[in-house]
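Visitor: Fold the following and give me the result.
(2 chains)
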Amino acid sequence: MLSKRIISCLDVRDGKLAKSIKFVDTRDIGDPVAQAKKYYLDGLDELVFYDINASSEKRGIMINVVQRVAEQVFIPFSVGGGLQTVEDCSLVLLAGAEKINLNSAAVRNPHLIAEASYAFGAQAVVLSMDVLRVPLTREIPSGYEIVINGGRTPMGLDAVQWAVRGQDLGAGELVVNSIDADGTKQGYELTLTRRIAEAVSIPVIASGGGGKPEHLYDVLTEGKADAALVASMLHYGEYSVGQIKTYLAGRGLKMRMTGGVL
Amino acid sequence: MITLVDYKAGNLTSVRRALDNQGIKNQVSADPEVVRRAERLIFPGVGHAGAAMKVLMDRGLDSALRDAFKKGTPILGICIGCQIILTHSEEGDTNGLDLMHGRCVRFRLDDPGLKIPHMGWNTVKITRTHPVLSHLLPGDEFYFVHSYYPLPEDPTKIYANSDHGGSFPAAIGMDNLFAVQFHTEKSGPVGLRLLHNFANWKP
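Guide: Below is the predicted model of the structure:
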């Protein structure tokens, strides 16, 4: 059977590694390619690179990062951040990424999901969503609202409904990022993750709030996620990939244990 | 020198990079004559079986591959390259190259918790030893992305299985042909080692 996946998310700004904390301040913490390679050799299952503050002038810098990663890291990785058109996606995939992550652009233009899915195959299209807990209304019946622009702009869109729509349009996977949990290291948003996982039949990657291995156990079981994104847990050296996986395997989850190189 | 068959089916660059990383000399070609004369071939590919066969036939690469196979050229098929070597695929009701008798079928899963495509890391268990898989240890996992899987007519041509709602062949082979359903070029060190084994394989 499939293993649960541990995915690391590397935020990249101007070709350098950065980590956002509640989308407010960013601190440079190193070279994304070197970090990616280290995690790959540690046995990480997959990588995501977010080009934060992406703009068309700076696209070339990100493409260069993608090319360099693809030469040294032989696990699947995806790229997101500011991808607006099928052409943007094509450049990233040609540079060596397996998948592209669509977020704000898909919310503004849902048809982009269908175009990308048709052009590259659903397996290459990941729909990422930033989600905020809100009071229940008729418009937002789940109590979870989609926000864009790095968490700053609420869209009046119900997150569970958007997830289903994304799947129908051709997304092959979902990243569900909780704004409330992001950066807190207090655990993933279990209810949100589970509600979406139960509503769709494509893989769900949980994001936001991972602070210790127990959190991953919870979101991969109670949260029904197929994979969990970890960032600061790894980036600040609090836990290694091996420690996280050993813990989860010890609690009975099927994990890929033999991917690391000593 | 390994020649990668170019038939617009994607993932060529990933395989090239993996070969480069292992120091294995490689080139890409869409030319049937180059494919016929190749020392060793890799036949990668992602996408739709029907679309892939159409391009192969348009480029004359179908007969080139048959000739190379008959000649004894070592051939490694990856992903779609593991499917269209068979007689027929349910995907698009496509006739394959028929290098190996068998068919390619879609996953039929009863468990609603199991999804199609089969996507992610899964354990590959050897059922029959083969030089290309000689390094595999119990628990080794490879990366899969597919909705269809190969079913050779002759079960002795199955060398490894994986499991998604039931066991299915993940690696098949006969004579100078070997093929894997998973993306060996994206499966980390164990996947790279498989490419290395293929490069040195003397069938």
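
Visitor: for chain B, what spans make up the helices?
Guide: Here chain B has its helices, by DSSP state H, at B:12-21, B:32-37, B:49-58, B:61-71, B:80-83, B:188-200.

Visitor: And for the stretch 151-262 of chain A?
Guide: Assigned helices in the stretch 151-262 of chain A, in chain order: A:159-169, A:190-199, A:213-221, A:232-235, A:241-250 (criterion: DSSP state H, counting those that start in this stretch).

Visitor: Now render those helices as CSV, adding mean pLDDT.
Guide: Rendered in CSV, the data for the helices of the stretch 151-262 of chain A read as follows (pLDDT from 0 to 100):
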stretch, mean pLDDT
helix A:159-169, 98
helix A:190-199, 97
helix A:213-221, 98
helix A:232-235, 88
helix A:241-250, 97
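
Visitor: Can you lay out these as CSV showing mean neighbour count?
Guide: For glycine as for every other residue, the C-beta is placed from the backbone atoms N, C-alpha and C. Listed next are these as CSV, based on neighbours: other Cβ atoms under 10 Å in any protein chain shown:
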stretch, mean neighbour count
helix A:159-169, 20
helix A:190-199, 20
helix A:213-221, 22
helix A:232-235, 20
helix A:241-250, 18
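
Visitor: Now distance to chain B too, for those, in a markdown table please.
Guide: As requested, those are arranged in a markdown table below (distance: least, Cβ to the nearest Cβ, whole Å):
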| stretch | distance to chain B |
| --- | --- |
| helix A:159-169 | 11 |
| helix A:190-199 | 10 |
| helix A:213-221 | 13 |
| helix A:232-235 | 17 |
| helix A:241-250 | 10 |
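
Visitor: if I look at the residue nearest to residue B:9 when sequence neighbours are not counted, how far off is residue A:126?
Guide: Closest residue in space to residue B:9, ignoring its immediate chain neighbours: residue B:45 at 3.5 Å, by Cβ to Cβ, 6 or more residues apart in numbering or on different chains. Separation of residue B:45 from residue A:126 (Cβ to Cβ, to the nearest Å): 22 Å.

Visitor: Next: residue A:96.
Guide: Distance from residue A:96 to residue A:126, counting by Cβ to Cβ: 16 Å.

Visitor: Over to residue B:66?
Guide: According to Cβ to Cβ, residue B:66 stands 38 Å off from residue A:126.

Visitor: In terms of neighbours, single out the busier of those two.
Guide: When neighbours are counted by other Cβ atoms under 10 Å in any protein chain shown, residue A:126 comes out ahead of the other of residue B:66 and residue A:126, with 26 against 14.

Visitor: angle of the strand or helix carrying the more buried one against helix A:190-199?
Guide: In the assignment (DSSP states H and E), residue A:126 maps to strand A:125-133. Orientation note: strand A:125-133 sits at an angle of 140 degrees relative to helix A:190-199 (axes from the mean of the first three to the mean of the last three Cα atoms, to 10 degrees).
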